[in-house]
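> Just the structure for this:
(chains A and B)
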Amino acid sequence: MGLFDFLLVKKQTASVARDRLRIIVAHERAGRGGPDYLPMLQRELLEVIRKYVNVDAESVKVDLIGDGDNKVLDISVALPDTAAHA
Amino acid sequence: MTNETELLETPPATPDADISTAPRSRAGAPLQEDAKLTEIIVVTSGKGGVGKTTTSASLACGLARRGHKVAVIDFDVGLRNLDLIMGCERRVVYDFVNVVNGEASLKQSLIRDKRFDNLYVLAASQTRDKDALTKEGVQKVLDDLAADGFDYIVCDSPAGIEKGASLAMYFADQAVVVVNPEVSSVRDSDRILGLLASKTRRAENGERVKEHLLLTRYAPKRVQSGEMLSLADVEEILGLKTIGVIPESGDVLHASNKGEPVILETESDAAQAYDDAVARLLGDSRPMRFVEVEKKGFFSKMFGG
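Below is the predicted model:
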């Protein structure tokens, strides 16, 4: 590092990378281990819901929860505050 | 003791037998409780070009230099490269697929390293047939190596998550996950961790493959200036313990140019970092080197350089 290096603006992007990775890795780990059709089901549900309500991809969650011997398909949709605009 | 003797001498034909211990004790070794087992280590990453083959070659050399009998196997069918990095490309006569198909014996196919006579290379086939390797075929080769008294088998995985990569990891006891401090490499590594936890023999037996993080091409200066993910970042995101951090180094290219695993360039930072990784793999604890920016003198601080 030379005397005038401080004049050069360094791009500090590592923290952006870290935050993006934290989110995507957590997301992908959550989807792991479930049946292969879950992501597809989630996508199609999202498309159907979007016909009526303007929601983004993160607001539809599809999980398969083990409940004793049974498995429960848990679908949760978070509707936006102003759900009226489709 | 008699029970154990019987167990060890049972051929691996019974599928329900504990195959992780039974056929893998050394042939001819005294049947003691501490009979040495062969440790299978996969070097994997998901993403290509992060240093799997460089790492496989250096770990294998490092283990052999410490006196262990080591075989390093190239699983990258169709894209053989370990032979070049090990510097034995002109001595490949038979390859992994030849052994699996029974076209050559294991003995004929193992290439003895010129530097260490307890180190052997098994080259990948250049065939374009992706199905040339089978799980049964790979298991047979690994079992034969174990029976031959090998202490360590290093499996150099191809990139991706296709058949070659899944076969390379399937029988592993330990996994060295090679990661660059860069988003796509980290994400792909996490994918590989998912596969190690579900699609391996150990996972199927309700056990875990012991996973280690090996960070390559690390540039402490760029980490300090906030341009590059830090070791702590990658450890935290992947939830892995680090076995080594290899600093970005021009010596890696020089070494591969010469066909000499970089761990043998003893003056090099990368070589010393790999040697530390080998020591940790064997259970030593060593402080992590080459992760901080080197302190510079007053003049170089003022005038650069």
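> where exactly do the helices run in the stretch 1-150 of chain B?
Remark: helices assigned in the stretch 1-150 of chain B by DSSP state H, counting those that start in this stretch are B:2-9, B:52-65, B:82-86, B:96-100, B:106-109, B:135-147.
> Out of the ones you listed, the one nearest B:V252 is which?
helix B:52-65 (6.0 Å; CB to CB). In this view, the C-beta of every residue, glycine as well, is placed from N, C-alpha and C.
> Let me see the mean pLDDT of the closest one.
Regarding helix B:52-65, the rounded mean pLDDT is 98.
> related to what we said a few turns ago, which of the helices of the stretch 1-150 of chain B sits most buried?
Mean neighbour count (mean count of other CB atoms under 10 Å in any protein chain shown) peaks for helix B:52-65 among those, with a mean of 27.
> Tell me how far B:P181 lies from B:P247.
11 Å (CB to CB, to the nearest Å).
> Quick check: neighbours shared by these two?
B:R217, B:Y218, B:A219 (CB atoms under 8 Å, 6 or more residues apart in numbering or on different chains).
> Contacts for the helix or strand of chain A with the lowest mean pLDDT, please.
For chain A, counting by mean pLDDT, DSSP states H and E, strand A:60-67 ranks last in confidence among helices and strands (a mean of 77). For strand A:60-67, the external contacting residues (CB under 8 Å, 6+ apart) are A:30, A:34-35, A:38, A:41-42, A:45-46, A:49, A:71-78.
> mind redoing it with 10 Å?
The list of residues contacting strand A:60-67 from outside it, by CB atoms under 10 Å, 6 or more residues apart in numbering or on different chains, reads A:30-31, A:33-35, A:37-50, A:71-78.
> the strands in chain A, which residues?
A:60-67, A:70-77 (DSSP state E).
> Can you give me the buried ones in the first one?
The neighbour-count check on strand A:60-67 (16 or more other CB atoms under 10 Å in any protein chain shown) flags A:V60, A:V62 as buried.
> Tell me how far that strand lies from the chain's centre.
Here strand A:60-67 is found 15 Å from its chain centre; the criterion is CA atoms, centre = their mean, to the nearest Å.
> do stretch B:63-75 as well
Distance, centroid of stretch B:63-75 to centroid of chain: 9 Å (CA atoms, centre = their mean).
> got JSON lines for the helices of the stretch 1-150 of chain B, with distance to chain A too?
Formatted as JSON lines, the helices of the stretch 1-150 of chain B follow (distance: least, CB to the nearest CB, whole Å):
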{"stretch": "helix B:2-9", "distance to chain A": "33"}
{"stretch": "helix B:52-65", "distance to chain A": "21"}
{"stretch": "helix B:82-86", "distance to chain A": "29"}
{"stretch": "helix B:96-100", "distance to chain A": "30"}
{"stretch": "helix B:106-109", "distance to chain A": "37"}
{"stretch": "helix B:135-147", "distance to chain A": "21"}
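> Can you pull the poorly scored residue ranges out of chain A?
A:1-10, A:33-34, A:82-86 (pLDDT under 70).
> And the strands of chain A: which comes nearest A:R20?
Judging these by CB to CB, what sits closest to A:R20 is strand A:60-67, at 20.1 Å.
> In CSV, list the C-alpha atoms belonging to that closest one.
Only the C-alpha atoms of strand A:60-67 are listed here, as CSV (Å, rounded to 0.1, in the frame of the first residue of the first chain):
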residue,chain,number,x,y,z
VAL,A,60,-45.4,-18.9,-0.4
LYS,A,61,-43.9,-21.7,1.7
VAL,A,62,-44.5,-25.3,1.1
ASP,A,63,-43.2,-27.8,3.7
LEU,A,64,-43.7,-31.4,4.4
ILE,A,65,-43.8,-31.9,8.2
GLY,A,66,-43.5,-35.3,9.8
ASP,A,67,-46.3,-35.7,12.4
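> ok, which residues in chain B are in contact with chain A?
With CB under 10 Å from any CB of the partner chain as the criterion, chain B meets chain A at residues B:181-184, B:186-187, B:189-191, B:193-195, B:197-198, B:221-230, B:232-234, B:236-239, B:293, B:296, B:300-305.
> can you tell which of the helices of the stretch 1-150 of chain B is closest to B:L264?
It is, among these and with distance given as CB to CB, helix B:52-65, at 6.2 Å.
> Show me what counts as buried in the helix or strand where B:D233 lies.
According to DSSP states H and E, B:D233 maps onto helix B:231-238. For helix B:231-238, a neighbour-count test (16+ other CB under 10 Å) marks B:L231, B:D233, B:V234, B:I237, B:L238 as buried.
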